[in-house]
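Visitor: how would this look folded up:
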Amino acid sequence: MNPPAMQQGNPIKIAILAMGGQGGGVLADWIVDMAEHAGWWAQTTSVPGVAQRTGATIYYLELLPEADVARAGRPPALALMPTPGDVDLVVAAELMEGGRAIQRGLVTPERTVLLSSSHRSYAVSEKSAPGNGIADPNKVLEAGRAAAKRFLCFDLQDLADRAGSVISASLFGAVAGSGALPFTRDDYEATVRRAGLGVDASLRAFALGFDAAHAAPAQPAAIDLTRPVPDVPERAASPKTQALLDTIKRDFPACAQPMLTAGVRRQLEFQDAAYAADYLRHMKALRDLDAQHGGDAQGWALTCAAARYVATAMAYDDVIRVADLKTRGTRFERVRNEVGARPDQLVMTTDYMHPRLEEICGTMPTRMGRWLEGSKAFGGFVERRLGKGRLMQSGTLGGFLMLYSLAGMRRFRRRTLRHQIESEGLRQWLDLIARLAPQDYALAVETVNCRRLVKGYSDTHVRGGGKYRQLIAAAAQLVGRPDAAETLRTLRETALANESCAPMERQMAEKLAEKLAA
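Guide: You can find the predicted model right below:
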């Protein structure tokens, strides 16, 4: 790829889009340092934003040869921010940031080289959606192919991880490998060495990025969105786990075994081997129900759906599990990697805690929890103390020990009020499925899938749980209708597509009115 065609006095214009912690500023500084050592004028500015995640920032650079400045006889006046249709190189540290550059008009087919990592860092709106809120990355690829003069897209985060470095280094290598700037590979590598921090790892990531960009096709291929199927291992790590694995292979159809294996792993992580055995006992009952009502001829749809949702119903998100996840070593390691911390740097993590009265009472023994939940005095005390939430530094000794103690309550989980509530809800759901399957197999499968609405904890759990209970009530009322399964599926999709319950409630009222009129 030849560098951008330049007219005398016309600078090279570069826009770098990165999120907080991705080293966009480091990449911009490297390019400026490289240009200045090569005898160019260079300027960088940044335009911070808080559009998604930890805040996306545009770093804008303009590079001008010293010879052009000398001919002009005066210092250049360089722009402070990019102008749509007037950018030579756009570098995006994450795929959707590349999409934002396209939306803003920074990428044009006559001029712009677009270089983007294909990995995703999900936005809050994607993660908090009632259903699958993840945006389709192939839409961005389609737009990039149409909008850019040349579009390079591959997983630069993975290359950085393989090299033990950060994405700014692999991005710098990809810029070099693209040939979009008029500098040699030696110029780039000398810049990394001058930085003096993590040089060896940065150079490894640089080399991987350079090679990937140098060998990249003219247009990136579509991203395969097929979810990987969980593996069913031949041998397990312990005798108890091996017994569970043998049960799965012996008693369940092959199509359900991968998800059952994942379900057992989740129960082991959530509680223990006995709890995982309870999960398989529930699944055996459903497998037998499925076999009695034509499941074999219908691809064991009921068993396969239940393998996933019974597992998530049993491994619910309570205060104990949240505390466990927040105190794991892997979490602290991930945070350090995300912010690009050096080995000698301290990283303090501050968590926002807003426990509801029900969650506090849910960690207590059943009788005590119910008594305190009904106590106006205790409820008022909790509201005064925690009504607005509080910040906790989980990296301090006090904060960590508090969370670690909560996580240690896992051994007492079966005696808590929350477990009793969840167990009763699970029993009612399974009983309804058992009643529906003999009358309407398809409706029973859709009732299993309704459990998808229950997710998360605190307010997210309350909203999803309310929609789920409405759908379960509707399933019981729809029995006997020829379109019962389709109706319930439509109601569920409406619930997943909307944060509010109102659209689903309107559709439900209309469908039930039709039933009564029939």
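
Visitor: Now do the helices in the stretch 101-250 of the chain.
Guide: 124-127, 137-147, 156-163, 167-178, 185-195, 199-214, 239-251 (DSSP state H, counting those that start in this stretch).

Visitor: Against Glu269, how distant is the closest residue to Thr247 other than its chain neighbours?
Guide: Counting by C-beta to C-beta, 6 or more residues apart in numbering, the nearest residue to Thr247 once its immediate chain neighbours are dropped is Leu280, at 5.5 Å. Yep, even glycine has a C-beta here, placed from its N, CA and C like the rest. Leu280 is 16 Å from Glu269, where distance means C-beta to C-beta, to the nearest Å.

Visitor: sorry, back to before: for the helices of the stretch 101-250 of the chain, which one sits closest to Asn337?
Guide: Put simply, out of these the one that sits nearest Asn337 is helix 156-163, at 8.2 Å, with distance taken as C-beta to C-beta.

Visitor: hang on, the earlier thing: between Leu280 and Glu269, which is the more surrounded one?
Guide: Regarding Leu280 and Glu269, a neighbour count based on other C-beta atoms under 10 Å identifies Leu280 as having more, with 22 against 13.

Visitor: Next, the contact list for the more buried one, please.
Guide: Applying C-beta atoms under 8 Å, 6 or more residues apart in numbering to Leu280 gives the contacts 244, 247-248, 251, 260, 264.

Visitor: Look up phi and psi at Ala256.
Guide: For Ala256, the backbone dihedrals (degrees, to the nearest 10) come out as phi -90, psi -10.

Visitor: where's it relative to Gln242, distance?
Guide: Remark: distance between Ala256 and Gln242 (C-beta to C-beta) = 19 Å.

Visitor: These two: which is more packed in?
Guide: For Ala256 versus Gln242, the count of surrounding residues by other C-beta under 10 Å is larger for Ala256: 26 against 14.

Visitor: Could I get the contacting residues of that one?
Guide: Contacts of Ala256 (C-beta under 8 Å, 6+ apart): 287, 300, 303-304, 307.

Visitor: One more: Val229?
Guide: With contacts defined as C-beta under 8 Å, 6+ apart, the neighbours of Val229 are Pro258.

Visitor: go on, the one 4 residues further on?
Guide: With contacts defined as C-beta under 8 Å, 6+ apart, Pro233 is in contact with 245, 261.

Visitor: can you check Ala236 too?
Guide: With contacts defined as C-beta under 8 Å, 6+ apart, the neighbours of Ala236 are 242, 244-245.

Visitor: Over to Ala18?
Guide: Contacts here follow C-beta under 8 Å, 6+ apart; on that basis Ala18 touches 24-25, 27, 56-57, 59, 92-94, 97.

Visitor: Turn those into JSON lines, columns for secondary structure, distance to Ala42 and pLDDT.
Guide: Output for the contacts of Ala18, formatted as JSON lines (DSSP: H, G, I helix; E, B strand; the rest coil; distance: C-beta to C-beta, whole Å; pLDDT from 0 to 100):
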{"residue": "Gly24", "secondary structure": "helix", "distance to Ala42": "16", "pLDDT": "85"}
{"residue": "Gly25", "secondary structure": "helix", "distance to Ala42": "14", "pLDDT": "87"}
{"residue": "Leu27", "secondary structure": "helix", "distance to Ala42": "13", "pLDDT": "93"}
{"residue": "Ala56", "secondary structure": "strand", "distance to Ala42": "23", "pLDDT": "72"}
{"residue": "Thr57", "secondary structure": "strand", "distance to Ala42": "18", "pLDDT": "83"}
{"residue": "Tyr59", "secondary structure": "strand", "distance to Ala42": "12", "pLDDT": "92"}
{"residue": "Ala92", "secondary structure": "strand", "distance to Ala42": "21", "pLDDT": "92"}
{"residue": "Ala93", "secondary structure": "coil", "distance to Ala42": "20", "pLDDT": "90"}
{"residue": "Glu94", "secondary structure": "coil", "distance to Ala42": "25", "pLDDT": "89"}
{"residue": "Glu97", "secondary structure": "helix", "distance to Ala42": "22", "pLDDT": "89"}
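
Visitor: between those residues, which is closest to Val232?
Guide: Here the nearest of these to Val232, counting by C-beta to C-beta, is Glu94; it sits at 33.6 Å.

Visitor: Any stretches of the chain with poor pLDDT?
Guide: Regions of the chain meeting the criterion pLDDT under 70 cover residues 1-9, 20-21, 49-55, 128, 130, 340, 386-387, 457, 499-518.

Visitor: Any idea which residue is closest to the centre of it?
Guide: Compute the mean C-alpha point of the chain, and by C-alpha atoms, centre = their mean the closest residue is Tyr122, 4.7 Å away.

Visitor: doesn't Ile134 make contact with it?
Guide: Yes. Contact status for Tyr122 versus Ile134: in contact at 6.5 Å, counting by C-beta atoms under 8 Å.

Visitor: Now do the same contact list for the residue lying closest to Pro220 once chain neighbours are set aside.
Guide: In space, and not counting its chain neighbours, Pro220 is closest to Cys153: 3.9 Å by C-beta to C-beta, 6+ apart. When the contact criterion is C-beta under 8 Å, 6+ apart, the partners of Cys153 are 95, 98, 114-118, 141, 144, 216, 220.

Visitor: Recalculate using a threshold of 6 Å.
Guide: When contacts are counted by C-beta atoms under 6 Å, 6 or more residues apart in numbering, Cys153 touches 116, 118, 220.

Visitor: before we move on, the earlier item: closest to Leu171 out of the contacts of Ala236?
Guide: Checking the contacts of Ala236 one by one against Leu171 (C-beta to C-beta), the nearest turns out to be Leu245, at 42.7 Å.

Visitor: how much space between that closest one and Trp30?
Guide: From Leu245 across to Trp30, the span is 50 Å (C-beta to C-beta).

Visitor: These two: which is more packed in?
Guide: Set side by side, Leu245 and Trp30 show unequal neighbour counts under other C-beta under 10 Å, the larger going to Trp30 at 23 against 19.

Visitor: in what helix or strand does that one lie?
Guide: When elements are defined using DSSP states H and E, Trp30 is found to belong to helix 24-37.

Visitor: CA atoms of that helix as PDB?
Guide: What follows is helix 24-37, C-alpha atoms only, in PDB (Å, rounded to 0.1, in the frame of the first residue of the first chain):
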ATOM      1  CA  GLY A  24      -4.900   5.400  22.300                       C
ATOM      2  CA  GLY A  25      -2.800   8.200  23.800                       C
ATOM      3  CA  VAL A  26       0.300   6.000  23.700                       C
ATOM      4  CA  LEU A  27      -0.300   5.200  20.100                       C
ATOM      5  CA  ALA A  28      -0.700   8.900  19.200                       C
ATOM      6  CA  ASP A  29       2.400   9.800  21.100                       C
ATOM      7  CA  TRP A  30       4.400   7.100  19.300                       C
ATOM      8  CA  ILE A  31       3.300   8.400  15.900                       C
ATOM      9  CA  VAL A  32       4.300  12.000  16.800                       C
ATOM     10  CA  ASP A  33       7.600  10.900  18.200                       C
ATOM     11  CA  MET A  34       8.400   8.800  15.100                       C
ATOM     12  CA  ALA A  35       7.400  11.700  12.800                       C
ATOM     13  CA  GLU A  36       9.500  14.300  14.700                       C
ATOM     14  CA  HIS A  37      12.600  12.100  14.600                       C
END
